[in-house]
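1. What would the 3D arrangement of this be:
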Amino acid sequence: MDLEALKKRAAEAAVARVRSGMRLGLGTGSTARWAVELVGARLAAGELEEVVGVPTSRATEALMRRVGIPVVELDGRGVDLAIDGADEVAPDLTLIKGHGGALLREKIVEVAAQRFIVIADYTKRVRVIGEKKEIPVEVARFGWKSTLRQIEKLGSAPQLRSNDHGETILSDNGNFLVDARFGPVEDPAALERRLLQIPGVLEVGLFNGLAHLAIIAERDGRLEEIR
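-> Model (predicted):
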């Protein structure tokens with residue numbers, strides 16, 4: 001099966017857990033997009049009723065409106081279930097997220113979720129977090145060069161994210177995005193704390209202790225659940 005088919009398989013398994021009346025947190029990226037579309041299809045078919053969603057990005061909000069999922073703001077009730085993808089998934093459910101540029105909003109929503117399901121294809125599985133991907137960091141625009149220097153002191157080579165034309169990419173919140181390669185991280189919780197102590201760092205794409213379940217679509221289409 002190709003990767004898109006695998007992403008859809010994982011999304012189908014997560015969306016099967018959605019029940020009428022739920023408030024959902026809906027993620028950002030190519031795998032989460034399938035979840036949004038599948039929830040919309042179930043609503044349109046009458047299989048679900050009174051489901052509303054909190055989007056984690058403007059792109060997800062636009063897709064939700066297209067497929068007919070009512071959009072609500074995140075409030076004190078949080079969300080019943082969050083469904084989102086990941087850039088890396090470790091065996092202990094530590095994640096790297098944020099290569100889609102929505103890490104701050106994603107973390108706000110997923111911290112507020114009663115249950116958070118990660119959906120991914122087999123290429124996102126790692127033995128140790130940081131094995132394949134840089135760690136995204138959202139930083140304030142003011143003094144960003146100084147902030148990058150402080151991140152560098154932790155043992156990384158941070159790069160300001162830009163597009164193919166060399167233009168700086170901004171998050172939905174208007175902040176800069178930095179990709180910091182640390183290599184395999186033995187203590188991601190400690191690294192997250194150290195990064196967040198740097199003035200100018202607004203959020204870190206290490207998601208420690210937030211996911212309750214990961215649904216991984218293997219190369220042959222088989223689904224594996226990591227708890």
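2. need the contact list for the nearest residue to Ile151 once chain neighbours are set aside.
-> Once flanking residues are discounted, Ile151 sits nearest to Pro158: 4.6 Å by CB to CB, 6 or more residues apart in numbering. Heads up, the C-betas are built off the backbone N, CA and C, glycines and all. Residues near Pro158 by CB atoms under 8 Å, 6 or more residues apart in numbering: Val137, Leu148, Ile151, Glu152, Val178, Asp179, Ala180, Arg181.
3. any idea how far the residue nearest to the last one when sequence neighbours are not counted lies from Ile151?
-> Read it as Arg181. Nearest-residue entry for Arg181: Glu134, 4.4 Å, with adjacent residues in sequence omitted and distances by CB to CB, 6+ apart. Glu134 sits 11 Å away from Ile151, going by CB to CB, to the nearest Å.
4. cool, and Gly209?
-> The separation that Gly209 has from Ile151, given CB to CB, amounts to 22 Å.
5. which residues sit against the longest helix that the chain contains?
-> Once the chain is assigned using DSSP state H, the helix that runs over the most residues is helix 30-44. Residues from elsewhere that reach helix 30-44 (CB under 8 Å, 6+ apart): 4, 7-8, 10-12, 14-15, 18, 24, 26-27, 48-49, 51, 53, 56, 60, 63-64, 66-69, 83-85, 119-121.
6. Restricted to strands, list those.
-> Those of those mapping onto strands are Leu24, Leu26, Gly53, Ile83, Asp84, Ile119, Ala120, Asp121, per DSSP state E.
7. Before we move on, what's the pLDDT of the residue of the chain positioned farthest from its centre?
-> Most distant from the centre of the chain: Gly46, at 28.3 Å, with distances by CA atoms, centre = their mean. Note for Gly46: predicted pLDDT of 97.
8. helix, strand or coil for Glu138?
-> Taken by DSSP: H, G, I helix; E, B strand; the rest coil, the conformation at Glu138 corresponds to strand.
9. what's near enough to touch it?
-> Residues near Glu138 by CB under 8 Å, 6+ apart: 98, 103-104, 171, 173, 175-178, 201-205.
10. Please, a PyMOL command that selects the buried ones among those?
-> Only the buried entries of those go into this PyMOL selection, using 16 or more other CB atoms under 10 Å:
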select buried, resi 98+103+104+171+175+176+177+178+201+202+203+204+205
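11. Among the contacts of Glu138, which ones are in helices?
-> Within the contacts of Glu138, residues falling in helices by DSSP H are Leu103, Leu104.
12. From the contacts of Glu138, pick the one nearest Glu192.
-> Glu192 lies nearest to Val204 out of the contacts of Glu138, by CB to CB, at 5.0 Å.
13. Return the set of residues that bridge with that closest one.
-> Listed by DSSP bridges, the beta-bridge partners for Val204 are Val137.
14. before we move on, back to that, need the overlap of contacts for Glu134 and Ile151.
-> Taking CB under 8 Å, 6+ apart as the contact rule, Glu134 and Ile151 both touch Ala180.
15. can you list the domains in the protein?
-> By the record's domain assignment, the chain is partitioned as 3-125+208-226, 135-202 (automatic domain parsing).
16. Packed most tightly, which of the ones you listed would that be?
-> Mean neighbour count (mean count of other CB atoms under 10 Å) peaks for domain 3-125+208-226 among these, with a mean of 20.
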